[in-house]
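Asker: Give me a model of this one.
(chains A, B, C and D)
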Amino acid sequence: MAELVGLAEGIAALVHDGDTVSLEGFTHLIPVAAGHEIIRQRRRDLTLARMTPDIVYDQMIGAGCARRLIFAWGGNPGVGSLHRLRDAVENDWPAPLEIEEHSHAGMANRYTAGASGLPFAVLRGYTGTDLVRHTSSLATVTCPFTGEVLTAVPALNPDVAVIHAQRADRKGNVQLWGLAGVQKEAVLAAKRCLVTVEEIVEELDARPNAVVLPSWVITAVAVVPGGAKPSYAQGYYDRDNLYYRRWDAISRDRDTFTGWLADELGS
Amino acid sequence: MAELVGLAEGIAALVHDGDTVSLEGFTHLIPVAAGHEIIRQRRRDLTLARMTPDIVYDQMIGAGCARRLIFAWGGNPGVGSLHRLRDAVENDWPAPLEIEEHSHAGMANRYTAGASGLPFAVLRGYTGTDLVRHTSSLATVTCPFTGEVLTAVPALNPDVAVIHAQRADRKGNVQLWGLAGVQKEAVLAAKRCLVTVEEIVEELDARPNAVVLPSWVITAVAVVPGGAKPSYAQGYYDRDNLYYRRWDAISRDRDTFTGWLADELGS
Amino acid sequence: MNWEAEEIMTVAAARALAGRVACFVGIGLPSTAANLARRLHAPELVLIYESGAIGAKPSKLPLSIGDGELAETADAVVSVPEIFNYWLQPGRIDVGFLSAAQVDRFGNLNTTVIGDDYRRPSVRLPGAGGAPEIAASCREVILIVRQSRRSFVERLDFVTSVGHGSGPGDRARLGLRGKGPVMVITDLGVLEPDPQTCELTLTSVHPGVDPETARRQTGWPLAIAAQVAVTPQPTAQELELLRDLVKRSEV
Amino acid sequence: MNWEAEEIMTVAAARALAGRVACFVGIGLPSTAANLARRLHAPELVLIYESGAIGAKPSKLPLSIGDGELAETADAVVSVPEIFNYWLQPGRIDVGFLSAAQVDRFGNLNTTVIGDDYRRPSVRLPGAGGAPEIAASCREVILIVRQSRRSFVERLDFVTSVGHGSGPGDRARLGLRGKGPVMVITDLGVLEPDPQTCELTLTSVHPGVDPETARRQTGWPLAIAAQVAVTPQPTAQELELLRDLVKRSEV
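Answerer: As a prediction, this is how the structure comes out:
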């Protein structure tokens, strides 16, 4: 059953140096506050996994939390590059960053296999691309009925999944709605998980397109209002598109970035 | 885009002798009226696929529509045997019935593979059971990353899927809610599909746990109020549990059954 | 209070759910026992039905595995592929509850056919349903089967679901990750697999049942534990709640 | 009315969607063009975003692929695994819209790295995202790329998504089931694969553009069709709707 914790306490208990960590959220409900707490607690040598690393991963990479990145698309959505990610890959700053690169379809299926207790998933993908030459976690598998050769990707089972949701009840059942991304799969694939929520409510009344994750598959819940900003939480607040543009300027230069890090996160 | 049709017209256009047909519905929203229309139109040599053949398949088998049954659990839920199914398997009455037998997990994954455009699906299942000796559509596949041997099932892509849903809008977008079973997968796996609905509404307002199947993946929609009786349509009517008990008596005896067939379906 | 054999069987099964978090429930006696447990000692027990209802809290016994009240009262409702792939298969569920037409000494189950010829059986049973994967993947399995020479057989006519296979180590060899059957609850008593041999052994009898009666109702030479316990009498509360549940559920 | 190169490029792309049912939309110009098409000649066009929105009808251009309005206006919202597995992979979607940093003469795309060394690139680009499978599985693909010697290259630094591979028959050999790129819309004109060789050939230019200009802006010896058409001028309605859309979408 999920335990109700403070954010700092939850990160301290669940995220350890060297872990494989997935902070998931496909544009919507990105667990930004949790990422900032990981920076504040100076976690190191993390393998960061995520379909769409965006500015919170840019910040974590720039802050030196990550040794490795498993991803499919690393950009500032609608704006451009992630400059800290680029600086790490292109110039090893602040530290070298290994990358393991997939497509969205591949990452989604890796989590799905992980959530399903299977060692791999099968898809039509990657064929003919240079990803096949550079990504070691790809293979082929032959259909035993038709002989057709398909692509196989290994299950992704993070040590910790961190997601943000609209709300939970007192028992720790979590509810999120709107674009639900791959969060259910990330949580079910992970060994342990932390969910930050906008609020705790007495009753999770039904919502359209809602996903409910029952308390007994969740390790800890922390109440963090606004925990997805500058991304959005449907029904709570909108995406702060201006911030995504501002991040481009902050992150472009190492000194501006380190100033931001000191000012905003005391890191 | 889905065409709005009458039930008789829809069955005549979409279901042909010799087809593989899936009337899906996991206890809830069983397309009974459509099954009865298939009996009335005297379709023959059908391969009937379904996870849980219940009384409508018992009726179709007793009426001589089926040559073959692909299934996982064939009973009268909460009551007992399907006597027409048993009579066909045990005594070839009214005609021999080939069976291809799976587990629920296997059937669900066969539809999922079909819906996903893959030739097969991988699961942990069947190992050590006698299904492996008797069901030819089973194989193994080896994980290219771990060497683990898993079970493979071939995709199931019916010629026609028939489902019942609560409602559709005028464009033919279909909405169903409550226990949604494997209906989305059956529709997306099938070459063509017919959806019977309780009603057409102007606007599909959001419902909790709703599945929406957009018009452009549906061949035809027919308005058939009560089309799932004696099963139930959440929000419209309850399951007629008594009818399931009565079916036990009707179906136990060939003469009672043929009388029922003549009286109820003029067949 | 007086009670029937089926009642003590259900009460014993409900008691066996103490301390469990999540239970994968088949229809019939397993569902009755799980719902009774929720009303007794396990109000937080998570009932999972293969129709896709997770955390269902029905007010009466569902007649079918997919009754409307299951979805209406569930914490979450998911598709049938999801319930098998995301919830059952990875081994998240503590206990699976199964019944069968035939069980053998290693707790293997037959729900497929009676008779020697699969293609032309003397009795065609409903088939596998969710059972093979429930038996494979739940952390533990509890069986509820009425005990007789017809149901407790020397050799299954068909192995639908694997218990302990042909004995120790067999589940591991087959890659089955749950522990398999830990208990068979019958109308006569309780059998448990011997820790060394995996063979089902009579470890308790219900009040008034002689171990020799259980042996006579078993199609193989039944092992009987050195110390056979006696099932505690059903309490008045247990019987009242059970009878109320059954009464409210009548069609 | 006067117009900018980017405007005619977007208008040409919107026009190319005539007669399509469902379109898998990437963010940026493809999204602008698809939303413009919905306001012009294709009000029923089904926009599918990889974030899980099927049939989205945004009132302004989403800045990201997962803006809230996409879910709020969609016919159906599904998970990200489902959008790729159930909707994209089986080839249900008529047309996929893609852009890239580099394109070669066979319409193959690079969105991964610039530079010879993948491990130490001179420019690290965002990466594959949904593109490889959009390029593989949509029935047809339309590319929108600004034309220059930097983007239209003799040899890609990295093949992120396959167009026509190394030429005729290559897609079939690779098991890619969609037709691949049928059109590349640039700020100078439109290129289409030659039916025999699959090589991208300039088949039309935008008003005022000389085919030789297009050739100079291409990193390989660009094939030019015997008859080069001229893109019809953007109409006042097209431009007004486009400008209104862009204006309403400013942050």
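
Asker: Surely C:Ala214 is in contact with C:Leu188?
Answerer: Yes. Judged on C-beta atoms under 8 Å, C:Ala214 makes contact with C:Leu188 at a distance of 4.6 Å. For the C-beta atoms, the positions are set from N, CA and C on the backbone; glycine is no exception.

Asker: So for these two, which residue has more residues nearby?
Answerer: C:Leu188 (28 against 24; other C-beta atoms under 10 Å in any protein chain shown).

Asker: if I look at the more buried one, how far off is chain D?
Answerer: In this view, C:Leu188 and chain D are 48 Å apart by C-beta to the nearest C-beta, to the nearest Å.

Asker: which residues does that residue contact?
Answerer: When contacts are counted by C-beta atoms under 8 Å, 6 or more residues apart in numbering or on different chains, C:Leu188 touches C:Ala5, C:Gln147, C:Val205, C:His206, C:Val209, C:Thr213, C:Ala214, C:Gln217.

Asker: All the strands of the chain, in order from the start?
Answerer: No chain in the question, so chain A it is. Ranges of strands in chain A, per DSSP state E, are A:3-5, A:20-23, A:46-50, A:66-71, A:98-101, A:120-123, A:139-142, A:149-154, A:160-169, A:174-176, A:192-201, A:211-213, A:220-223.

Asker: other chain: chain C
Answerer: C:22-25, C:46-49, C:53-54, C:76-77, C:95-98, C:102-103, C:109-110, C:113-114, C:123-124, C:140-144, C:181-185, C:189-193, C:200-205, C:223-230.

Asker: Need the pLDDT of C:Glu47.
Answerer: No, residue C:47 isn't Glu; it's Leu. In the prediction, the pLDDT value recorded for C:Leu47 is 96.

Asker: where do the helices sit along the stretch 51-200 of chain C?
Answerer: Along the stretch 51-200 of chain C, the segments classed as helices by DSSP state H, counting those that start in this stretch run C:68-73, C:80-82, C:131-137, C:170-174.

Asker: wait, does the longest one contact chain B?
Answerer: Yes. Applying C-beta under 8 Å from any C-beta of the partner chain, one finds helix C:131-137 touching chain B at C:Ala131, C:Pro132, C:Glu133, C:Ala136, C:Ser137.

Asker: I'd like to know how far the last one sits from A:Asn209.
Answerer: It stands for C:Ser137. Distance check for C:Ser137 against A:Asn209: by C-beta to C-beta, to the nearest Å, it reads 29 Å.

Asker: Now do the contacts for the closest residue to C:Gln237 other than its chain neighbours.
Answerer: Spatial nearest neighbour of C:Gln237, excluding adjacent residues (C-beta to C-beta, 6 or more residues apart in numbering or on different chains): C:Leu40 at 7.3 Å. By C-beta under 8 Å, 6+ apart, the contact set of C:Leu40 is C:Ala14, C:Gln237, C:Glu238, C:Leu241.

Asker: buried subset of the residues you listed?
Answerer: C:Ala14, C:Glu238, C:Leu241 (16 or more other C-beta atoms under 10 Å in any protein chain shown).

Asker: Sort out which of those residues are in helices and list them.
Answerer: C:Ala14, C:Glu238, C:Leu241 (DSSP state H).

Asker: Tell me where the model's unsure across chain A.
Answerer: Of all residues in chain A, none has pLDDT under 70.

Asker: Smallest gap between it and chain D, at which residue?
Answerer: For chain A and chain D, the shortest gap (C-beta to the nearest C-beta) falls at A:Thr27, measuring 2.6 Å.

Asker: if I look at the closest residue to that residue other than its chain neighbours, how far off is A:Pro208?
Answerer: Distances taken as C-beta to C-beta, 6+ apart put D:Gly66 closest to A:Thr27, at 2.6 Å, once the chain neighbours are dropped. Distance of D:Gly66 to A:Pro208, computed by C-beta to C-beta: 17 Å.

Asker: Determine whether any part of stretch C:117-127 lies close to chain B.
Answerer: Yes. Using C-beta under 8 Å from any C-beta, stretch C:117-127 reaches chain B at C:Tyr118, C:Arg120, C:Pro121, C:Ser122, C:Val123, C:Arg124, C:Leu125, C:Pro126, C:Gly127.

Asker: Which parts of chain A are helices?
Answerer: Using DSSP H, helices in chain A cover A:7-14, A:32-40, A:55-62, A:83-91, A:104-115, A:131-134, A:183-189, A:241-252, A:254-265.

Asker: Return the most buried member of these.
Answerer: Among the helices of chain A, helix A:104-115 has the highest mean neighbour count (mean count of other C-beta atoms under 10 Å in any protein chain shown), at a mean of 29.

Asker: now that one and strand A:149-154, what's the angle there?
Answerer: With axes from the mean of the first three to the mean of the last three C-alpha atoms, to 10 degrees applied, the angle from helix A:104-115 to strand A:149-154 works out at 60 degrees.

Asker: Show me what helix A:104-115 is packed against.
Answerer: strand A:120-123, strand A:149-154, helix A:183-189, helix D:80-82, helix D:131-137 (3 or more C-beta pairs under 8 Å, 6 or more residues apart in numbering or on different chains; DSSP states H and E).

Asker: Quick one: closest of those to chain C.
Answerer: Taking the helices and strands packed on helix A:104-115 one by one with C-beta to the nearest C-beta, helix A:183-189 is closest: 5.5 Å.

Asker: which residues sit against the closest one?
Answerer: Taking C-beta under 8 Å, 6+ apart as the rule, helix A:183-189 contacts A:22, A:24-25, A:29, A:108, A:111-115, A:155-158, A:161, A:163, A:165, A:176, A:193, A:195, A:211, A:213, A:217-218, C:86, C:90, C:92, D:79, D:81.

Asker: on that earlier part again, mind putting the strands of chain A into a markdown table with mean neighbour count?
Answerer: Formatted as a markdown table, these follow (neighbours: other C-beta atoms under 10 Å in any protein chain shown):
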| stretch | mean neighbour count |
| --- | --- |
| strand A:3-5 | 16 |
| strand A:20-23 | 26 |
| strand A:46-50 | 24 |
| strand A:66-71 | 21 |
| strand A:98-101 | 18 |
| strand A:120-123 | 25 |
| strand A:139-142 | 16 |
| strand A:149-154 | 22 |
| strand A:160-169 | 26 |
| strand A:174-176 | 27 |
| strand A:192-201 | 22 |
| strand A:211-213 | 24 |
| strand A:220-223 | 23 |
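
Asker: looking at the helices of the stretch 51-200 of chain C, which has the lowest confidence?
Answerer: helix C:68-73 (a mean of 89).

Asker: Please export the C-alpha coordinates of it as CSV.
Answerer: Extracted in CSV, the C-alpha atoms of helix C:68-73 (Å, rounded to 0.1, in the frame of the first residue of the first chain):
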residue,chain,number,x,y,z
GLY,C,68,-22.3,-4.7,-13.8
GLU,C,69,-21.8,-4.1,-10.1
LEU,C,70,-18.1,-5.2,-10.4
ALA,C,71,-17.3,-2.3,-12.7
GLU,C,72,-19.4,0.1,-10.8
THR,C,73,-17.7,-0.5,-7.5
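
Asker: buried sites along that helix?
Answerer: In helix C:68-73, counting by 16+ other C-beta under 10 Å, buried: C:Gly68, C:Glu69, C:Leu70, C:Ala71, C:Glu72.

Asker: Output the residues you listed in a markdown table; the columns should cover distance to chain B.
Answerer: Formatted as a markdown table, the buried residues of helix C:68-73 follow (distance: C-beta to the nearest C-beta, whole Å):
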| residue | distance to chain B |
| --- | --- |
| C:Gly68 | 5 |
| C:Glu69 | 10 |
| C:Leu70 | 7 |
| C:Ala71 | 5 |
| C:Glu72 | 8 |
